[in-house]
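Engineer: sequence plus predicted model, see below.
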Amino acid sequence: MFETLPLLPADPILGLSIAYAKDTNPLKVDLGVGVYKNDVGVTPIMAAVAAAEKLRIQQETTKAYTPPAGYPGANEACQKLIYGAGHPAVEANRVRTIQTPGGCGALRVAAELIQRAKRGATLWVSVPTWANHIPLLGNAGLSLKEYPYYDYATHSINFPAMLATLKEIPRGDLVLLHACCHNPSGADLSCEQWNQVADVCEANGIIPFVDMAYQGFGEGLEEDAYGLRLLASRLPEVIIATSFSKNFGLYRERAGALSFVFADEAQADAGNSQLLSVTRALYSMPPSHGAALIDLILHNGELTKLWSDELTLMRERIAGLRVQLVQSLNQLQKQRDFSFIANERGMFSFLGLSVEKVHKLKSEYSIYITDTSRISVAGLTAEKMDYVSKAIVAVL
Ligand code: LMR
């Protein structure tokens with residue numbers, strides 16, 4: 001039967017890591033997948049995570065199943081991180097949160113629940129959006145449509161065009177928004193723009209579906225949640241998919257959370273029962289290790305501080321790399337101004353190179369970035385800055 005399945009090309013993002021690993025050039029640089037690296041090019045285990053792992057080994061007494069929604073303590077802690085203290089939707093007991101296998105698991109489970117509520121519902125996604133949003137959400141059966149977002153010519157959000165499209169979205173459709181650190185562009189909505197998006201969603205009955213994969217990597221843990229907290233305080237229904245891959249550095253542990261804001265408490269109970277029946281049919285219960293670490297860290301004042309201080313250093317390091325890259329590129333040539341990179345946030349920015357030039361970076365310099373010319377700034381180091389900048393300028 002499987003002879004009907006053709007060989008597929010490599011994944012546009014994960015395929016780069018495989019090609020990079022095979023590359024024998026000692027100068028090679030991996031700016032493909034969005035993984036934080038420190039100044040010696042290593043993705044560290046965060047100090048709070050390492051400390052929590054030691055505690056967990058001492059404290060864990062069983063490997064019996066966890067509850068279907070994951071650890072209640074982790075869910076409560078994640079909820080606080082996502083919504084902040086005393087959020088009205090949480091206080092009204094309208095929010096339900098479950099642990100998921102990473103942010104991808106959260107996105108997919110959300111799509112499955114949307115399907116149960118309204119088969120073939122329409123979800124509007126930004127142009128561009130994270131490449132994996134399309135199969136992850138589309139394969140669940142959602143019908144995907146697009147709204148304009150990033151303007152490659154001005155290196156900024158085309159907000160009037162975005163808003164104009166949102167205003168045309170039919171009542172009951174969903175819109176996928178990136179909470180912060182827009183992937184792939186790095187261009188984020190300002191607070192004022194979030195206010196306007198909330199106005200349109202409220203006036204037109206649009207359901208926001210927020211993907212928050214980088215809380216803490218943009219402006220800060222609180223600031224990065226501004227938009228979703230606003231939406232959750234004003235709208236009856238909001239969906240929030242959260243990843244802890246980046247902000248806890250728990251990539252391979254697959255730690256994520258899915259949170260629904262429902263219209264009232266009774267709907268929250270019904271929705272939650274459906275949610276757990278979706279996950280039961282998909283994977284029964286989520287992985288426990290990453291969630292247990294988050295539970296430990298966020299319920300221990302010292303570990304919470306250790307974690308958030310390190311996260312601040314990571315955020316500041318990426319912001320610093322952005323500034324250095326701009327200085328380096330703008331000093332080496334005058335034909336293009338790369339200043340926009342310093343204004344963007346999170347791991348990614350577009351260089352604005354053609355696919356041919358991207359391939360040249362790979363074949364001639366062993367520098368790996370996606371075909372869209374998205375670079376993961378977080379993969380740069382001070383040591384590689386000069387090499388990378390010169391290569392970019394050489395292919396311009
Ligand atoms: C990325 O965009 O590089 C990350 O979100 C990792 C991934 O799974 O694609």
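Structural biologist: Cool, the structure landed.
Engineer: was I right to think Phe244 contacts Ile294?
Structural biologist: Yes. Using Cβ atoms under 8 Å, Phe244 is in contact with Ile294, at 6.0 Å. From N, CA and C alone the C-beta is placed, and that goes for glycine too.
Engineer: which neighbours do these two have in common?
Structural biologist: Shared contacts of Phe244 and Ile294 (Cβ atoms under 8 Å, 6 or more residues apart in numbering): Cys78, Leu250, Ala255.
Engineer: how about the helices in the stretch 251-396 of the chain?
Structural biologist: According to DSSP state H, counting those that start in this stretch, the stretch 251-396 of the chain carries its helices in the segments 265-282, 289-298, 301-332, 340-343, 355-365, 382-395.
Engineer: likewise for the stretch 1-150 of the chain?
Structural biologist: Assigned helices in the stretch 1-150 of the chain, in chain order: 14-22, 47-59, 72-83, 88-91, 102-117, 133-138 (criterion: DSSP H, counting those that start in this stretch).
Engineer: show me what the third one is packed against.
Structural biologist: Which is helix 72-83. helix 88-91, strand 95-101, helix 226-234, strand 238-243, strand 255-261, helix 289-298 (3 or more Cβ pairs under 8 Å, 6 or more residues apart in numbering; DSSP states H and E).
Engineer: residues near the closest residue to Asp337 other than its chain neighbours, how many?
Structural biologist: Sequence neighbours aside, Asn330 is the residue nearest to Asp337 in space, at 6.5 Å (criterion: Cβ to Cβ, 6 or more residues apart in numbering). Neighbour count for Asn330, taken as other Cβ atoms under 10 Å: 17.
Engineer: just the pLDDT at Asn330, thanks.
Structural biologist: Here, the pLDDT recorded for Asn330 equals 97.
Engineer: then Phe340?
Structural biologist: So Phe340 comes in at 97 (pLDDT).
Engineer: re earlier: scan the shared contacts of Phe244 and Ile294 and report the most crowded one.
Structural biologist: Neighbour max across the shared contacts of Phe244 and Ile294 (other Cβ under 10 Å) = Ala255, 31 neighbours.
Engineer: hang on, isn't it packed against Ala106?
Structural biologist: No. Ala255 is not in contact with Ala106 according to Cβ under 8 Å; the separation is 10.1 Å.
Engineer: which neighbours do those two have in common?
Structural biologist: Joint contacts of Ala255 and Ala106 (Cβ under 8 Å, 6+ apart) are Ser243.
Engineer: quick check: closest non-adjacent residue to Ile98.
Structural biologist: In space, Ile98 is closest to Ala69, 4.2 Å off (Cβ to Cβ, 6+ apart).
Engineer: distance of the one you found relative to the ligand?
Structural biologist: Counting by Cβ to the nearest ligand atom, to the nearest Å, the gap from Ala69 to the ligand is 24 Å.
Engineer: what do you get for Leu55?
Structural biologist: Distance from Leu55 to the ligand, counting by Cβ to the nearest ligand atom: 28 Å.
Engineer: for that residue, give me the pLDDT.
Structural biologist: At Leu55, the pLDDT value in this model is 97.
Engineer: so what's the nearest residue to it once chain neighbours are set aside up against?
Structural biologist: Closest residue in space to Leu55, ignoring its immediate chain neighbours: Leu296 at 5.7 Å, by Cβ to Cβ, 6+ apart. Leu296 makes contact with Ala52, Leu55, Arg56, Leu303, according to Cβ under 8 Å, 6+ apart.
Engineer: ok, the first one - contacts?
Structural biologist: Contact criterion Cβ under 8 Å, 6+ apart gives Ala292, Leu293, Leu296, Ile297, Asn300, Leu303 as the residues in contact with Ala52.
Engineer: and this protein, which of its residues are near the ligand?
Structural biologist: Applying Cβ under 6 Å from any ligand atom, one finds that the chain approaches the ligand through Ile13, Val33, Gly34, Trp130, Asn132, Asn183.
Engineer: now, these that are in strands?
Structural biologist: When the residues of the chain next to the ligand are checked against strands (DSSP state E), there are no matches.
Engineer: and the residue of the stretch 201-350 of the chain nearest the ligand?
Structural biologist: Across the stretch 201-350 of the chain, the shortest distance to the ligand (Cβ to the nearest ligand atom) belongs to Ala213, at 6.2 Å.
Engineer: the closest residue to that residue other than its chain neighbours: neighbouring residues, count only.
Structural biologist: The shortest distance from Ala213 to any non-neighbouring residue, by Cβ to Cβ, 6+ apart, is to Ser243 (4.1 Å). For Ser243, the count of nearby residues is 25 (other Cβ under 10 Å).
Engineer: surely Ser243 meets Val210?
Structural biologist: No. Shown here, Ser243 and Val210 do not form a contact pair, counting by Cβ under 8 Å, at 11.9 Å.
Engineer: Pro236 contacts Ala263, doesn't it?
Structural biologist: Yes. Pro236 lies in contact with Ala263 (Cβ under 8 Å); the separation is 4.1 Å.
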